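[1] this one's sequence-less:
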C-alpha cells in the first residue's frame, strides 16, 4: 500500500505557544472617564470643605484671637465652650460622607483603612489650621465625627464598587 502526499496530515500541537497565540476574547476594560470625573469632583469638594470648615463660608482672613480654643476631650465642655451639641456632631458626620463616597470609589482595594487615615489626617489638618489662624477651635470631637462620616460614605459605596470591579 502506498501513501500519497494528499493522505499525509500534519498534526499541530494542542498545548504550548500555539494555543496561547490563538485569539481569546478580551474582557472590556472599564472607561477611566468616571474615575477622572470623581477625582475632579473630589478636588472641588475638598476646596469647598476647607472653605466651610476653616473659614466658615466667609472670605479668608487671619482670625481674631478670641476664636482660638483647644478642646482635647471629645464631646465634653472645656475652656468656656459648651459640650458638642448633637446637631453639631451630626453636621460634622454629614459633611464628611462625600469624602468617604469619593475615596471609596477611587480606592477600590481596601478603601476602609485608607479612608480612615485620609479623613483623619484631613480633619486633623483642618482643625490645626483653624487653631493656628485663630479662626476656630481645635476640637477632637470634630475629628472623630468627621472620620466616622467618611467611613459611612466608604461603607455606602463599597458594595457597588466591589460588584463593578469583578463583573
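    Happy to help now that I have it. What you see is a predicted model, and the numbers here were worked out from it, not measured in a lab.
[2] Could you name the helices and strands sitting against the helix of greatest length in the chain?
    The helix that spans the most residues within the chain, counting by DSSP state H, is helix 140-165. On a contact count with 3 or more CB pairs under 8 Å, 6 or more residues apart in numbering; DSSP states H and E, helix 140-165 meets helix 86-106, helix 111-132. C-beta: built from backbone N, CA, C; applies to glycine.
[3] Any regions of the chain where pLDDT drops low?
    In the predicted model of the chain, residues 1-31, 57-67, 78-81, 162-167 satisfy pLDDT under 70.
[4] at 90 instead, please
    Counting by pLDDT under 90, the chain has low-confidence residues at 1-35, 50-88, 107-112, 130-138, 158-167.
[5] Could you look up the SS state of residue 138?
    strand (DSSP: H, G, I helix; E, B strand; the rest coil).
[6] can you pull the contacts of it?
    Residue 138 sits next to 69-72, 127-128, 130-131 when contact means CB atoms under 8 Å, 6 or more residues apart in numbering.
[7] so the longest helix of the chain versus helix 111-132, what angle?
    150 degrees (axes from the mean of the first three to the mean of the last three CA atoms, to 10 degrees).
[8] The chain should start at 30 in everything you say after this.
    Yep, numbering from 30; the last one is helix 169-194 now.
[9] now the angle between helix 115-135 and helix 169-194, please.
    Using the same axes, to 10 degrees: helix 169-194 against helix 115-135 is 30 degrees.
[10] and residue 99, that's in a strand?
    Yes. The assignment for residue 99 by three-state DSSP puts it in a strand.
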